[in-house]
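Participant: everything below, folded, please.
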Amino acid sequence: MKYLTAVNDQTYLIEINDDRHVVVDGKVYDIDLEAVGDQPLYSLLLDHHSFEAFVDEGDTGWLVLLRGDLYDVKVEDERAVRLAKAAGAGVVQVGDFHLKAPMPGLIVSVPVAEGQKVSKGGILVILESMKMQNELKSPRAGTVTRIKTKGGDNVEQNQVLLTIGE
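Facilitator: Here you go, the predicted structure:
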């Protein structure tokens with residue numbers, strides 16, 4: 001699993017390979033992480049160095065107290081971030097919006113038709129990737145002006161699937 005992790009204002013790509021290894025921005029680390037009792041205290045062995053940290057849920061993420069320093073940590077699943085971008089998170093509300101595949105996969109269905117009016121949050125495409133079905137939703141209200149795919153099509157990441165106009 002890959003995660004985009006922001007520590008204070010620095011962002012890292014973290015990949016969890018198994019219970020004993022993580023990759024941080026391309027560098028592999030041996031880890032051993034265990035909760036200590038019923039407290040929010042964790043023991044971490046990182047490449048044979050020992051650390052203790054208090055970890056508590058904050059308003060917008062996690063608060064981590066490590067070696068006397070407090071860190072504000074936000075963790076997002078990389079795949080979810082790509083899906084949000086594909087769904088138009090932060091999309092400009094004027095002009096055409098081109099829905100692009102956030103990852104390679106198989107189009108399961110396209111439950112809309114050209115000329116159909118859609119509302120914000122309406123399902124535009126169902127994409128199967130890594131044996132999971134993902135509903136790609138409209139980031140805004142508009143009209144489907146062009147559909148470039150159909151059920152059964154294999155698509156590549158960033159391939160335009162359909163267009164929504166005003």
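Participant: give the burial count for Thr60, as a bare number.
Facilitator: Residues near Thr60, counting by other CB atoms under 10 Å, number 9. Where C-beta positions appear, they are placed from N, C-alpha and C, glycine not excepted.
Participant: what residues are bridge-paired with the residue lying closest to it once chain neighbours are set aside?
Facilitator: Spatially, and ignoring its direct neighbours in sequence, Thr60 is nearest to Lys74 (6.5 Å; CB to CB, 6 or more residues apart in numbering). Going by DSSP bridges, Lys74 is paired in beta bridges with Ala6.
Participant: so who does Lys74 touch?
Facilitator: By CB atoms under 8 Å, 6 or more residues apart in numbering, the residues touching Lys74 are Thr5, Ala6, Thr60, Gly61, Trp62.
Participant: for the first one, give me the pLDDT.
Facilitator: According to the predicted model, the pLDDT of Thr5 comes to 88.
Participant: for the fourth one, same thing?
Facilitator: For Gly61, the model assigns a pLDDT of 81.
Participant: next one: the closest residue to it other than its chain neighbours from Gln10, what distance?
Facilitator: Of all residues not flanking Gly61 in the chain, Lys74 sits nearest, at 3.8 Å (CB to CB, 6+ apart). As judged by CB to CB, to the nearest Å, Lys74 and Gln10 stand 11 Å apart.
Participant: swap in Ser43?
Facilitator: Per CB to CB, Ser43 is found 24 Å from Gln10.
Participant: more neighbours, the two?
Facilitator: Ser43 (13 against 8).
Participant: quick check: which element contains that one?
Facilitator: Ser43 is located in strand 41-46, with elements delineated by DSSP states H and E.
Participant: quick one: average pLDDT of that strand?
Facilitator: In the prediction, strand 41-46 has an average pLDDT of 90.
Participant: quick check: the residue nearest the centre of the chain vs Leu41, distance?
Facilitator: The centroid of the chain falls nearest to Ala80 when counting by CA atoms, centre = their mean (2.2 Å). As defined by CB to CB, Ala80 lies at a distance of 29 Å from Leu41.
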